[in-house]
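**Q** Starting from these lines, generate the structure:
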Amino acid sequence: MKIRRQKKSQKILAFFQSNFALQAPYTVLLDATFCRAALEGKVLIKEQIPKYLGAQTKIVTTQCIILEVEKLSKISSKLYGTWIVVKQFPVHKCGHEGDPVPASFCAKSLLGKNNPGKYIMASQDPELRSHVHQEVVGTPILYLHQSAPTLEKPTKKVYKLSSHEETTLKTLKRKHFGETIQEPPRKKKKAKNPHSLSCKKSKKVKQANQQKTDGKRKRKRHKRKGGAAKDMSRSE
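**A** A predicted model of the protein is given here:
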């Protein structure tokens, strides 16, 4: 089972390496929810996480996360052990020194929209993980599943490429592999009725037709008034 889990983790990490420039040594940003679950499941974070990821790993937290757990531990003694665990890790600068913010807000601000720090987010908080899925594309999420470190599979949103990325990928394929790009078949235009103005005949054609018809017409003779009386006088 351990070998199978490690193969899955390496496959997921390889995806983020090739698509989002994630490289070892990895930086894991953990919050108090992960430390609480590790304490309950007797997980040795410093030993098991680097072993699971298969590379040198730096595990960090922030001052905001530590201070929040410290305040909560004074209210609930159950969180005292969590505070002891989380403050063992190096404190990463978050920009909120002297003016601490809620732990989830601090983590979100570090991740931003594109995860410029290339963090692996370690959390059990469903709201924070959902935020990472929806808003921070390209960020691996690490959580504990039955006391075992587990990387979440990339979502469909991560696999979806933008139009610019698709055209770039097609260009690279054609350049390096000589693949021909199959363009989608064009839709046949439906035959439309001709415009009424286009059906009008030209003036030249009309004149020519009129001349032909005039030549074929027979002239009718009209009798003049009084003509019959003159003919009678001449005969007498």
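
**Q** Now stretch 145-163: average pLDDT?
**A** Averaging pLDDT along stretch 145-163 yields 75.

**Q** Any regions of this protein where pLDDT drops low?
**A** Low-confidence segments of the chain, defined by pLDDT under 70: 1, 156-236.

**Q** Please enumerate the helices of it.
**A** For the chain, helices defined by DSSP state H occupy the ranges 2-20, 32-40, 45-53, 63-75, 80-86, 103-111, 126-135, 156-159, 163-177, 203-216, 227-235.

**Q** correct me, but Val85 touches Phe34?
**A** No: between Val85 and Phe34 there is no contact under CB atoms under 8 Å: 9.4 Å. No exception for glycine: its C-beta is placed from N, CA and C like everyone else's.

**Q** So which of the two has more stuff around it?
**A** Phe34 (29 against 20; other CB atoms under 10 Å).

**Q** which residues does that one contact?
**A** Shown in contact with Phe34 (CB atoms under 8 Å, 6 or more residues apart in numbering): Ile45, Ala122, Ser123, Gln124, Leu142, Tyr143, Leu144.

**Q** Among those, which lie within strands?
**A** The strands, defined by DSSP state E, take in Ala122, Leu142, Tyr143, Leu144 from these.

**Q** What separation do you get for the third one and Val43?
**A** Same thing as Tyr143. 11 Å (CB to CB, to the nearest Å).

**Q** Then Leu22?
**A** 23 Å.

**Q** Quickly list what's touching both of Tyr143 and Val43.
**A** Ala37, Pro149.

**Q** which one of the ones in strands among the contacts of Phe34 has the most neighbours?
**A** Top of those by neighbour count (other CB under 10 Å): Ala122, with 27 neighbours.

**Q** picking that back up, what touches both of Val85 and Phe34?
**A** What both Val85 and Phe34 touch, as defined by CB under 8 Å, 6+ apart, is the set Ile45.

**Q** Now do the contacts for Pro90.
**A** Taking CB under 8 Å, 6+ apart, one finds Lys58, Ile59, Val60, Thr61 in contact with Pro90.

**Q** Chain neighbours aside, what residue packs nearest to the first one?
**A** Taking CB to CB, 6 or more residues apart in numbering as the measure, Lys58 lies nearest to Thr27, with 5.0 Å between them; neighbours along the chain are not counted.

**Q** What is the burial count for that neighbour?
**A** 15.

**Q** so what's it bridging to?
**A** Lys58, Tyr119 (DSSP bridges).

**Q** For it, which residues are in contact?
**A** Thr57, Lys58, Val60, Gly117, Lys118, Tyr119, Ile120 are the contacts of Thr27 under CB under 8 Å, 6+ apart.

**Q** What is the most widely separated pair among the residues you listed?
**A** Thr57 and Gly117 (14.2 Å; CB to CB).

**Q** Hmm, Gly81 and Leu39 touching each other?
**A** Yes: if you go by CB under 8 Å, Leu39 and Gly81 touch, sitting 5.3 Å apart.

**Q** circling back: among the contacts of Pro90, which ones are buried?
**A** For the contacts of Pro90, a burial check counting by 16 or more other CB atoms under 10 Å picks out Ile59, Val60, Thr61.

**Q** right, and out of those, which lies closest to Ala148?
**A** Of those, the one sitting nearest to Ala148 (CB to CB) turns out to be Ile59, at 16.7 Å.

**Q** I'm done for today, thanks for sticking with me.
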